[in-house]
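Novice: Here's a sequence, model it:
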Amino acid sequence: FNLAAGGDAFNDMGQTMVTPMDALKLAKQTEGSAAADSTLTRIPASSNGSSSVTTKPATATTGTEFSIETIERPNPNKCLIQTRKGDLLEIEYEAAVLTGTTASQVYDSSLKRGTGQPYQMVLGSGDMIPGVDLALYEMCPGETRVVTIPPQLGYGPRASKLFRIPSNSSLRWTIKLISIEGIVREDSNDEFSRDDREQRALY
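Specialist: Sure thing, here's the model as predicted:
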């Protein structure tokens, strides 16, 4: 698994915790009955095109909700293909630890990696902590999301020595999707659907 991007994306049995259902089930198992009621709620897009997805509070102790806010989205006509499990994604991200209601401290970013290139990951592979993986489904190239992640969908009680993140910390990630499979980008996502591309690849 990738320490730079997420770290402990596996549970103690070596199982990945990466799909949306798996992540929420894991929260239920590790944090008790309060997380059992976590349900995704979609909030309709506002007039400026932003929208968000949130859950009920993940635990009674942290009070942090898992939420996804779309702060930048491409033209709907340029969104024929959206992300799904197994896709190779290129993303730009900034990851921060929440230190207060509004304060945060950046601990990692694609820029800090020093390659000059977006970070590559396979959606649903265990590269990322569960909260990040959960937030990247049905996303369009050119879209930017701000994700608030409660501890049980982040590093949990094990924390991260690599990034000096305290146990049971809530996180906030800002993520921009650059491409899907290295070829589907914002400026090339308005002509062929996924099925069309797959059919064309057969010939």
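Novice: show me what contacts Asn168?
Specialist: 62, 151, 156-157, 159 (Cβ atoms under 8 Å, 6 or more residues apart in numbering). In this view, the C-beta of every residue, glycine as well, is placed from N, C-alpha and C.
Novice: Now for the closest residue in space to Glu186 that isn't next to it in sequence: which residues touch it?
Specialist: Distances taken as Cβ to Cβ, 6 or more residues apart in numbering place Gly142 nearest to Glu186, at 3.2 Å, with adjacent residues excluded. Listed by Cβ under 8 Å, 6+ apart, the contact partners of Gly142 are 72-74, 78, 176-177, 185-186, 189.
Novice: swap in Ile149?
Specialist: Shown in contact with Ile149 (Cβ under 8 Å, 6+ apart): 64, 66, 129, 131-132, 170-173.
Novice: so Thr177 sits in a helix?
Specialist: Not quite, residue 177 is Leu, not Thr. No - counting by DSSP: H, G, I helix; E, B strand; the rest coil, Leu177 falls outside a helix, being strand.
Novice: That one contacts Met139, doesn't it?
Specialist: Yes - taking contacts as Cβ atoms under 8 Å, Leu177 lies within contact range of Met139: 5.0 Å.
Novice: Mind listing the shared neighbours of the two?
Specialist: Thr83.
Novice: Show me where the protein has its strands.
Specialist: 41-43, 51-54, 67-72, 88-98, 104-109, 119-122, 144-149, 171-180 (DSSP state E).
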